[in-house]
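>>> what's the 3D shape of this:
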Amino acid sequence: MQSESGKRTTVMIACTTNETVRVSDPAVYYETDVLHLIYHRGTDARAALYDSLVDEIRRRISEKRDTEIVLHDETVYRYNVMLRTVNDIIRSIRDEYGEFADIFVNISSGTPEYIAAAMCACMMNQGAVPFTVSVKEHTIPPEEYMRMTSVDGRIVGDAKSVNTPKMVETFAIDRPDEDLVRYLSFFSRLGDRPCTPSTLVDLLSSAEVWIYTPSRTSNPGRNSAWVACKRAVIDPLVGKGWLRPGRTKNRWQVTPTGRMVLDVFCDEDDDRDLMEVYETIRVSRNNICCCMAAPRDRPDE
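You can find the predicted model right below:
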């Protein structure tokens, strides 16, 4: 059911195994209306511990705001279960609120299986925003932690023993097209400099990032190179949300998503080479412009 008033609902998805403030503080910060909290109560002696954690999260949030908390008792140590659970929650949110929901997914709390599944689910569901929250202060001092997690004088960490490893079945998520990443890297070098369509085409060609090759069926004209550039370079980058028009005409801006793509997928050597080529071209063009703008010497009288 969609909101007739247009009012948006903030929904958060999180998981807990032994965290409280990593869940409660972000819920308050984002002014969460509904919190979907995943945990596994189980039936062993630790069930009371997990109930206490959930109660503490509920108490901390209720001190600051009125948030509905929906509990999901699931096997948090199984990746496939977590991926299905997070996907199902996101779909249920979309079914209930339509486009009038802001979905935030906590990928700093819970088990490693949940964290990996939650990040994957965000990549599969456009509009679900993953976020992280780091620890500012720990509850257990280092020396006390060392004492509590040592066996025969050796530090072994939280776990004393583990079960047999199990392979995680995955499915393919395509890497970004290498050509598009290279185009995006070029625009990151432009910065906020204005660049007319003809200049942009010339720079792309000079840097050998993208070269205009007229097709046999194309109609030659002054704007044909720009039309082809827009179709092959600009439109795909804008369509993916990696690039957007700048504040004024003939400016382009790499989006935060585009920056993330460059951080992860841009080859450092290729990027360094491109930066050197672009700077060489820029200096050359500036020198030409300065020469053209300089006043001519008057002939001797």
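>>> wait, what's in contact with the closest residue to residue 204 other than its chain neighbours?
Residue nearest to residue 204 in three dimensions, not counting chain neighbours: residue 210, with 4.4 Å by C-beta to C-beta, 6 or more residues apart in numbering. Glycine gets a C-beta too; all of them are placed from N, C-alpha and C. With contact taken as C-beta atoms under 8 Å, 6 or more residues apart in numbering, residue 210 is in contact with 179, 183, 204, 229, 232, 233.
>>> Give me the nearest residue to the last one, chain neighbours excluded.
When you say that, I think you mean residue 233. When the adjacent residues along the chain are set aside, residue 233 lies closest to residue 183, with 5.0 Å between them (C-beta to C-beta, 6+ apart).
>>> Quick one: distance of the host helix or strand of that neighbour to the chain centre.
Element membership for residue 183, per DSSP states H and E: helix 178-190. In this view, helix 178-190 has its centroid 18 Å away from the chain centroid, taken as C-alpha atoms, centre = their mean, to the nearest Å.
>>> try stretch 231-246
In terms of C-alpha atoms, centre = their mean, the gap separating the centre of stretch 231-246 from the centre of its chain is 17 Å.
>>> What lies in contact with it?
Contact with stretch 231-246 is made by 176-177, 180, 183-184, 187, 192, 204, 210, 251-255, 257-258, 261, as judged by C-beta under 8 Å, 6+ apart.
>>> So for residue 87, what's the nearest residue that isn't a sequence neighbour?
Residue 87's closest residue in space is residue 121 (C-beta to C-beta, 6+ apart), at 5.2 Å.
>>> Return the distance of that neighbour relative to residue 89.
9 Å (C-beta to C-beta, to the nearest Å).
>>> And for residue 174?
Shown here: residue 174 relative to residue 89, a distance of 25 Å by C-beta to C-beta.
>>> Residue 250 against residue 192, yeah?
No. With contact defined as C-beta atoms under 8 Å, residue 250 does not count as touching residue 192 (10.9 Å).
>>> So for those two, which sits in the more crowded spot?
residue 250 (13 against 10; other C-beta atoms under 10 Å).
>>> so that one sits in a strand?
No. Using DSSP: H, G, I helix; E, B strand; the rest coil, the secondary structure at residue 250 is coil, not a strand.
>>> confidence score at it?
With respect to pLDDT, residue 250 scores 87.
>>> Now it. Nearest residue, chain neighbours left out?
Using C-beta to C-beta, 6+ apart and skipping residues adjacent in sequence, the residue nearest residue 250 is residue 194, 4.5 Å away.
>>> All set, thanks.
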